[in-house]
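Peer 1: Return atomic coordinates for the entry below.
(2 chains)
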Protein chains: 2
Amino acid sequence: MNAPADLMPRLDPRPVPPALIDALKARFGDRCSTARAVREQHGRDESPFDVPPPDIVVFAASTDEVAFTVALAQQHGVPVIPFGVGSSLEGHLLAVQGGVSIDLSRMDQVLRVNAEDLTVTVQAGVTRKQLNEAIRHEGLFFPIDPGADASIGGMAATRASGTNAVRYGTMRENVLGLTVVTASGEVVRTGTRARKSSAGYDLTRLFVGSEGTLGVMTEITLKLYPLPEAISAAVCHFPSVDAAVRTTIQVIQLGVPIARCELLDAHAVRAVNAHDRLGLREAPMLLMEFHGSAAGVQEQAQVVQDIAAEFGGEGFEWATTPEARTRLWTARHHAYLSALQTRPGCRAVTTDCCVPISRLAECIDATVAEVDASGLPYFIVGHVGDGNFHVGYLIDPAQPAERETAERLNRQLVARALQLEGTCTGEHGIGLHKMGFLLDEAGAGGVALMREIKRALDPRNIMNPGKIFEL
Amino acid sequence: MNAPADLMPRLDPRPVPPALIDALKARFGDRCSTARAVREQHGRDESPFDVPPPDIVVFAASTDEVAFTVALAQQHGVPVIPFGVGSSLEGHLLAVQGGVSIDLSRMDQVLRVNAEDLTVTVQAGVTRKQLNEAIRHEGLFFPIDPGADASIGGMAATRASGTNAVRYGTMRENVLGLTVVTASGEVVRTGTRARKSSAGYDLTRLFVGSEGTLGVMTEITLKLYPLPEAISAAVCHFPSVDAAVRTTIQVIQLGVPIARCELLDAHAVRAVNAHDRLGLREAPMLLMEFHGSAAGVQEQAQVVQDIAAEFGGEGFEWATTPEARTRLWTARHHAYLSALQTRPGCRAVTTDCCVPISRLAECIDATVAEVDASGLPYFIVGHVGDGNFHVGYLIDPAQPAERETAERLNRQLVARALQLEGTCTGEHGIGLHKMGFLLDEAGAGGVALMREIKRALDPRNIMNPGKIFEL
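Peer 2: Take a look at the predicted model:
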């Protein structure tokens, strides 16, 4: 087992020559800043790391402007770090080697909706909520929902997924094509609007999940889905996490096309009750959603209800109106925030393992036993239909020992997940935090291939350097 | 528009030193052959090219034997070409630079079925029919069906799909992980058995579709699906190809989860009637399949029947028993063979474009007009739910002018498909035949990235050289 990245990541700042700063200021004017507050805002994400900010921030408004910036950085050997909304969790956008943060939030145009083909092309700074607002009147939606209102570019860069992935897949399955600025500052288009292709190497999927280390995605073509004729949500309480997970396993194995299947443990339910006065029974809970025709949704729901009953599921509550569904999903969406509020001043260290579903119950059981023994407060939420779950350890930042305990528990959890043929990250990415885990998971040979690809496409190592693996 | 590869591909044979041959014979004994007949059998596929065979064929029985062979070839700078069953269509396995053909057909073990997780791990030489036989008793199936009983390794290498892709995706979506022998002869494992992961670069999808040019896949972990509770097939005849395609478009746009949606034009129907005495109406026809619960299947089918009626669809015929379904699907599966028999001695030049579904009708219409004007006999079959269709030009090999006409028509079709934002190959791959088309589609910048990756992972260019792009 390799150690994870140090709690303080390795810093290796490179000189940023005044000529680069001047050239950026000349091109971007007031869409370019070296002000400390602006830099600091672009130098942190939701990870627990605290490192110096980038040297300069540019607010790019077009692919050309990104290409200009990257070409200039290439010329000077200076890092570039793409920035969406800053909701990444593993230190992806931290300027560990200094350099230029390219803020893409002004690239916020939904460029083209092709309702007939169920495709859309957006600029990378469009957020998922903005996208769904823009396409709702066409009767379409984009299902990937990582919780945060992340930018589509950021979601593609981390291969995000979330609550709907069990039915609709992740960013891996839902990106059709990209416009990418490569390390040399060239603009390359990958993929087409065709649903499938066997035309050469799958560059699209190489960039998806590469966390900005191979290029900057500026435009993204996505698959869309017709809004279901009927949507129904349901909540069900279980005597144990194990019983909830076993219900899920059977639902998946039967091929029920469930659209969402989320677990909240009793700690998480307690937290959302306190936060939103939801009055939910404070026991492990599955929160489910069914999409389809009216009859199809009813049929799916009945099957799931029958399975849940076998495992002691009780208190089934249905929600078919948007308002009732919103109330139930509030519980899920506020879980993280609510849990933080149960321990004032705390912050969460969040795990992201994903295992084959047949191993999920044993993985969670063993994890719960360990965490309970540690005495750290925690909560568990999970996209259990995919075998993916998050433990949030609630630590007091003033007590380094708690952080260390959380990291130790995380190491134990990752070791267990890998041993169960799973992954150290279902949807958050590697960033700075999981570089050691990636070595354990992909092996030295796998990481060596990644390094070769990185060296080939970015020989001066300017694209978000210091992330995913050490070069 | 770049010209496609020459009708006679560039040959660039490399010397194969006797020491290499001797070392292979010492290791493989009688599972190694330099006999002309064996080499010739491994030196052709379903493509129209005729080039000299590989220098030697080894029948590998394990990942270790593949690794041994590749390491030896690396040492001598000699090409290695993986061989499954030889059903590729674009010259993928032709030994244009000589070398060692690694026949994987003896790697035919289904290593591990995980019914609870809906995954299976197979050796690369397992064929899709063999796989489905092996898992049927578990109530599971693997949906990807490219027509031929191809090896899973070959299907992964070409990113194959086929009739079920509209519902279940292609090899891109259905490979979870790989064991790969890289150009240095090292064994690397990519992916895990988890359904999703954000752990670093997506090496799995880089190898899938790389046509043996980056490594030899020896073991493949796949997603499986529960056999549907109910399956129903239907055939419907249309006044025109256009009407059949418009029906398909509307079905897809409504989000009906149709499992198969295949077009046969009147030429194809006539051919299968003659071949199998099926007595089908000789008009454009859609052949459809619905998977789900009994009620769900009926509901889907009713929606599709209603849509078809709007476009003049007639003679709906249902098949719910396996025998009745087999009769209908015989038409589709025999289309290629049957068409060849309508012109004794002919061979087919087959196209593989795929376009966004809203452009499918215009793409096929314009293509039909051009082919009709050319006077060449042809047929059209299509996975129209994906926007993918094949024109088979039936040419007399003794008349070079016919081959040239077919290639000209193919060039025109590809140019049209690209202009309609589609791809030159939905599922067959690039091989030798479409290298020029790939340049048109991916652009010089995209192909340059592919070349950089190839050079990084295979610096001596020994892995199936001369395919996908010129180095």
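
Peer 1: Please state the backbone phi and psi of the nearest residue to A:Gly215 once chain neighbours are set aside?
Peer 2: Among residues not flanking A:Gly215 along the chain, A:Val180 sits closest, at 4.2 Å (CB to CB, 6 or more residues apart in numbering or on different chains). In this view, the C-beta of every residue, glycine as well, is placed from N, C-alpha and C. Dihedral angles of A:Val180 (phi, psi; degrees, to the nearest 10) stand at phi -130, psi 140.

Peer 1: And A:Val180, what's its pLDDT?
Peer 2: pLDDT recorded at A:Val180 is 98.

Peer 1: so it makes contact with A:Val188?
Peer 2: Yes - contact criterion CB atoms under 8 Å: A:Val180 and A:Val188 qualify, at 5.2 Å.

Peer 1: intersection of neighbour lists for the two?
Peer 2: Common neighbours of A:Val180 and A:Val188, using CB atoms under 8 Å, 6 or more residues apart in numbering or on different chains, are A:Gly215.

Peer 1: So between these two, which is more surrounded?
Peer 2: Per other CB atoms under 10 Å in any protein chain shown, whichever of A:Val180 and A:Val188 has more neighbours is A:Val180, with 28 against 21.

Peer 1: Would you quantify the distance from that one to A:Gln130?
Peer 2: The spacing between A:Val180 and A:Gln130, counted by CB to CB, to the nearest Å, is 21 Å.

Peer 1: what's the domain layout of chain A?
Peer 2: A:18-105, A:110-226, A:230-419 (automatic domain parsing).

Peer 1: Heading C-terminal from the helix or strand of chain A with the lowest mean pLDDT, find the next helix or strand.
Peer 2: Counting by mean pLDDT, DSSP states H and E, the weakest-scoring helix or strand in chain A turns out to be helix A:322-333, with a mean of 85. Proceeding N to C from helix A:322-333, the next assigned helix or strand is helix A:335-341, under DSSP states H and E.

Peer 1: Buried ones in that following helix, by neighbour count?
Peer 2: Using 16 or more other CB atoms under 10 Å in any protein chain shown as the test for burial, helix A:335-341 gives A:Ala335, A:Tyr336, A:Ser338, A:Ala339, A:Leu340.

Peer 1: sorry, back to before: would you enumerate the residues in contact with the residue nearest to A:Gly215?
Peer 2: A:Val187, A:Val188, A:Arg189, A:Thr190, A:Phe207, A:Leu214, A:Gly215, A:Val216, A:Met217, A:Thr218.

Peer 1: you'd agree the third one is in a strand?
Peer 2: Yes - the assignment for A:Arg189 (DSSP: H, G, I helix; E, B strand; the rest coil) places it in a strand.

Peer 1: now do the same end-to-end measure for stretch A:209-229.
Peer 2: For stretch A:209-229, the first-to-last residue distance is 32 Å (CA to CA, to the nearest Å).

Peer 1: ok now it, how far from the chain's centre?
Peer 2: 13 Å (CA atoms, centre = their mean, to the nearest Å).

Peer 1: now for the helix or strand where A:Leu438 lies, which elements pack on it?
Peer 2: Here A:Leu438 is covered by helix A:435-457, with elements defined by DSSP H and E. Packing contacts for helix A:435-457, counted by 3 or more CB pairs under 8 Å, 6 or more residues apart in numbering or on different chains; DSSP states H and E, involve helix A:400-419, strand B:187-190, helix B:203-207, helix B:435-457.

Peer 1: Most tightly packed of these?
Peer 2: Stretch with highest mean neighbour count among those: helix B:203-207 (a mean of 26; mean count of other CB atoms under 10 Å in any protein chain shown).

Peer 1: okay if I get the buried residues of helix A:335-341 as JSON lines plus distance to chain B?
Peer 2: Below are the buried residues of helix A:335-341 laid out as JSON lines (distance: CB to the nearest CB, whole Å):
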{"residue": "A:Ala335", "distance to chain B": "20"}
{"residue": "A:Tyr336", "distance to chain B": "18"}
{"residue": "A:Ser338", "distance to chain B": "25"}
{"residue": "A:Ala339", "distance to chain B": "22"}
{"residue": "A:Leu340", "distance to chain B": "23"}
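
Peer 1: Can you tell me which of those residues is closest to A:Arg246?
Peer 2: Distances from A:Arg246 to the buried residues of helix A:335-341, taken as CB to CB, are shortest for A:Ala335 (21.5 Å).

Peer 1: quick one, helices of the stretch 101-250 of chain A?
Peer 2: A:128-135, A:152-158, A:165-168, A:171-174, A:203-207, A:241-253 (DSSP state H, counting those that start in this stretch).
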